[in-house]
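[1] I would like the atomic coordinates for the input below:
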Amino acid sequence: MAKGKKKARPPWLPALEGLGVSLGTYLLGQLLVTLLVVRGSLSEGGLFPAVAALCVLSAFCGGLLCARRPLWGMLPSAMLPAALFAVVLLGVGLLCWEGIAWTGRGGALLLCALAGGLLAGLLSAAGKRRGKGRRRTRPL
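    Reported below is the predicted structural model:
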């Protein structure tokens with residue numbers, strides 16, 4: 001390889017990195033939520049809201065990572081890892097459990113995952129737009 005030339009990164013790599021961040025955040029959060037339930041700090045009634053918030057947070061983290069390096073635009077780039085995260089949740093749910101009511105709480109978790117990606121895309125786009133308006137002038 002010639003000196004000074006960088007190897008081109010595949011365009012789908014940031015989406016996979018965002019998916020990895022989402023899954024890692026979700027799994028570590030699940031361990032924390034489980035620990036809190038076992039210790040008695042979190043009641044069983046608060047388990048579903050904690051998992052739903054964890055879905056939003058996980059998709060938000062993965063979407064934010066991908067929105068910082070947009071492939072198509074900030075919102076679609078943030079939504080892609082969130083959609084992949086929702087597909088992974090759906091696939092694991094279909095493979096591991098029978099009789100899941102996806103119209104009930106299971107569907108809400110998928111919507112929470114998509115909402116996290118949407119939130120990441122909207123906040124990234126708003127932050128980028130706000131930053132362009134400020135210009136510093138150098139004193140003469």
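
[2] give me the number of residues near the residue lying closest to residue 77 once chain neighbours are set aside?
    The shortest distance from residue 77 to any non-neighbouring residue, by Cβ to Cβ, 6 or more residues apart in numbering, is to residue 70 (4.2 Å). (Glycine included, C-beta is placed from N, CA and C.) Counted with other Cβ atoms under 10 Å, the neighbours of residue 70 add up to 17.

[3] can you check the one 5 residues further on too?
    Residue 75: 18 surrounding residues under other Cβ under 10 Å.

[4] what about the strand or helix carrying residue 85, average pLDDT?
    According to DSSP states H and E, residue 85 maps onto helix 74-96. Averaged over helix 74-96, pLDDT sits at 88.

[5] helix or strand right after it?
    Proceeding N to C from helix 74-96, the next assigned helix or strand is helix 105-133, under DSSP H and E.

[6] Could you name the helices and strands sitting against that following helix?
    The contact analysis (3 or more Cβ pairs under 8 Å, 6 or more residues apart in numbering; DSSP states H and E) places helix 105-133 against helix 47-67, helix 74-96.

[7] List the residues that contact the most centrally placed residue in the chain.
    With distances taken as Cα atoms, centre = their mean, the residue of the chain nearest its centroid is residue 59 (1.8 Å). By Cβ atoms under 8 Å, 6 or more residues apart in numbering, the contact list for residue 59 reads 22, 81-82, 85-86, 112-117, 120.

[8] Leaving out sequence neighbours, find the closest residue to it.
    residue 116 is the one closest to residue 59 (Cβ to Cβ, 6+ apart), at 2.9 Å.

[9] mind listing what the one you found touches?
    Contacts of residue 116 by Cβ under 8 Å, 6+ apart are 55-60, 63, 82.

[10] Let's see that with 10 Å instead.
    22, 53-64, 78-79, 81-82, 85-86 (Cβ atoms under 10 Å, 6 or more residues apart in numbering).

[11] Among those residues, name the buried ones.
    By neighbour count, with 16 or more other Cβ atoms under 10 Å, those hold 22, 54-64, 78-79, 81-82, 85-86 as buried.
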